[in-house]
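Asker: whatever this is, show me its structure:
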Amino acid sequence: MVCDGTVAAVADRRSSYLDEVVGELSKAVSRGATWRALGEVLEQFSGVDVPTFLAVTSRDELVAWRTSSGLTPLVVGGYGFDMLIASSESSAIEVLDADVRRHLGPAEGVYASGSYLKFFRAGGGPARGLCAFELLYTARHDAVVDGVAVYEFRKSLGRELSKLLASEVDVVVGVPETATPYAIGLSQATGKPFEIAFVPTAARSRSMTKLDPLERLVSVHLKLNPVRSSLEGRRVAVVDDSMVTGATMRSVSQMLRLRVGVKEVHLLIASPKLVRNCPYSVFELSQDHLIAANLDDESARAYLEVDSLAWLDLESVERVSRTFRCNLCGYCFGRESLGGGR
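Answerer: All right, here's what the predicted structure looks like:
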């Protein structure tokens, strides 16, 4: 059994009820429970945040259920009448050359066997909306999450960034690969050319999730190599999707100045300031490590060694979210929800 992408038996969660939930679901699956019996198990835990889960049985059955909070997405697809694929985003289904069938809503599940397919609703709990980081950072650019085209959503936020660019720049670049659509949106809105600033290395890891500073530094230098010809001597608007500790961006700024020789670095972050740690275990850093929660703008700018610094404000994200009719959890940004639901 898998729970939010992690083997549930060893999942590190602050939810004391998780082991009990997993235990009851495992018992139900092992004794040959149908979708109806699994729904009854989930109903027992109404009022608490049961995580999204996926179970595959030895009887060739698949059961997938999306958390009632809506924090994590779930989509299903398949090949005609054969097989069922469940994933957190549509890209995994399309890469397998299958058809995307349905984006499951909060508290909605699917049960599939060799001859039976059933969508069902079960359980309940506090609704929070989709985790904002699914659209801002986690999902692939080619994904559709909860009916929202991730690439278009990110470009729209990039266009919002154009309102914050107060300095004259020569080129717009994104820190690959997550920030590329934001940078394209900014470039389109300002008329400044978009350039490729870095070539990412294959088999790279995501530096944002590294807890150790040395690991994060090594990760940045291993995954990014600058394209000197597009940057040297220029005033550069650098776009990143988000900023947690700031250590990654500081390394990028130093690389641009010392190795490439850029004239100016103007940093724009395509999401609001992270000011609270996530209580839902989306990321594990404490509030003490969040740069926006501990430094004022000028101190942060000096630490990052950039000429200017701007974060996208909550109102801009809310405006774009409403345009795409999505409701996002914004707890880590200091607001319970952003946007308007479907």
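
Asker: for the residue nearest to Met243 when sequence neighbours are not counted, what are phi and psi?
Answerer: Excluding its sequence neighbours, the residue lying closest to Met243 (C-beta to C-beta, 6 or more residues apart in numbering) is Ile269, at 5.0 Å. For every residue, glycine as well, the C-beta is placed using N, CA and C. Backbone torsions of Ile269, given as degrees, to the nearest 10, read phi -100, psi 120.

Asker: wait, Ile269 touches Trp311, no?
Answerer: Yes. Counting by C-beta atoms under 8 Å, Ile269 touches Trp311, with 4.6 Å between them.

Asker: so where's the stretch 151-300 of the chain uncertain?
Answerer: 202-222 (pLDDT under 70).

Asker: distance-wise, check Arg140 relative to Val22.
Answerer: 28 Å (C-beta to C-beta, to the nearest Å).

Asker: and the two? which has more neighbours close in?
Answerer: Between Arg140 and Val22, counted using other C-beta atoms under 10 Å, the more crowded position is Val22 (20 against 17).

Asker: where do the strands sit along the stretch 101-250 of the chain?
Answerer: 108-112, 117-121, 130-131, 144-145, 148-149, 171-174, 198-200, 224-226, 235-240 (DSSP state E, counting those that start in this stretch).

Asker: deepest-packed of those strands, please.
Answerer: strand 171-174 (a mean of 27; mean count of other C-beta atoms under 10 Å).

Asker: thinking again about what came up before, looking at the strands of the stretch 101-250 of the chain, which is nearest to Val282?
Answerer: Proximity to Val282 (C-beta to C-beta) singles out strand 130-131 among the strands of the stretch 101-250 of the chain, at 5.5 Å.

Asker: and the closest one, what other elements does it pack with?
Answerer: For strand 130-131, the packing partners by 3 or more C-beta pairs under 8 Å, 6 or more residues apart in numbering; DSSP states H and E come out as strand 327-329.

Asker: distance from the chain centre to the strand it packs on, please.
Answerer: 12 Å (C-alpha atoms, centre = their mean, to the nearest Å).

Asker: which SSE is immediately downstream of it?
Answerer: Per DSSP states H and E, the first helix or strand lying C-terminal to strand 327-329 is strand 337-339.

Asker: what separates that following strand from the chain centre, distance-wise?
Answerer: 15 Å.

Asker: ok, that strand: who's next to it in the sheet?
Answerer: Sheet pairing here is set by DSSP bridges, and for strand 337-339 it gives strand 327-329 (antiparallel).

Asker: next one: the residue nearest to Met243 from Lys155, what distance?
Answerer: Distance from Ile269 to Lys155, by C-beta to C-beta: 16 Å.

Asker: shouldn't Ile85 be within a strand?
Answerer: Yes. Counting by DSSP: H, G, I helix; E, B strand; the rest coil, Ile85 is located in a strand.

Asker: just confirm it contacts Val95, I think it does.
Answerer: No. Counting by C-beta under 8 Å, Ile85 does not reach Val95; the two are 10.2 Å apart.

Asker: which of these two has more neighbours?
Answerer: Neighbours per residue (other C-beta under 10 Å) separate Ile85 from Val95, with Ile85 holding more: 20 against 11.

Asker: what sits against the more buried one?
Answerer: For Ile85, the contact set (C-beta atoms under 8 Å, 6 or more residues apart in numbering) comprises 76-78, 92-93, 96, 98.

Asker: output stretch 309-326 as CSV, nothing but the C-alphas.
Answerer: Only the C-alpha atoms of stretch 309-326 are listed here, as CSV (Å, rounded to 0.1, in the frame of the first residue of the first chain):
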residue,chain,number,x,y,z
LEU,A,309,14.5,41.4,-5.0
ALA,A,310,10.8,41.0,-5.4
TRP,A,311,8.3,38.3,-4.4
LEU,A,312,4.9,37.9,-6.1
ASP,A,313,2.2,39.1,-3.7
LEU,A,314,-0.8,37.0,-2.4
GLU,A,315,-3.2,39.2,-4.4
SER,A,316,-1.6,38.3,-7.7
VAL,A,317,-1.6,34.6,-7.0
GLU,A,318,-5.2,34.8,-5.9
ARG,A,319,-6.1,36.7,-9.1
VAL,A,320,-4.5,34.1,-11.3
SER,A,321,-6.1,31.2,-9.3
ARG,A,322,-9.5,32.7,-9.8
THR,A,323,-8.9,33.0,-13.5
PHE,A,324,-8.1,29.3,-13.6
ARG,A,325,-11.0,28.6,-11.1
CYS,A,326,-8.8,26.7,-8.7
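
Asker: that's all I had, so thanks and see you.
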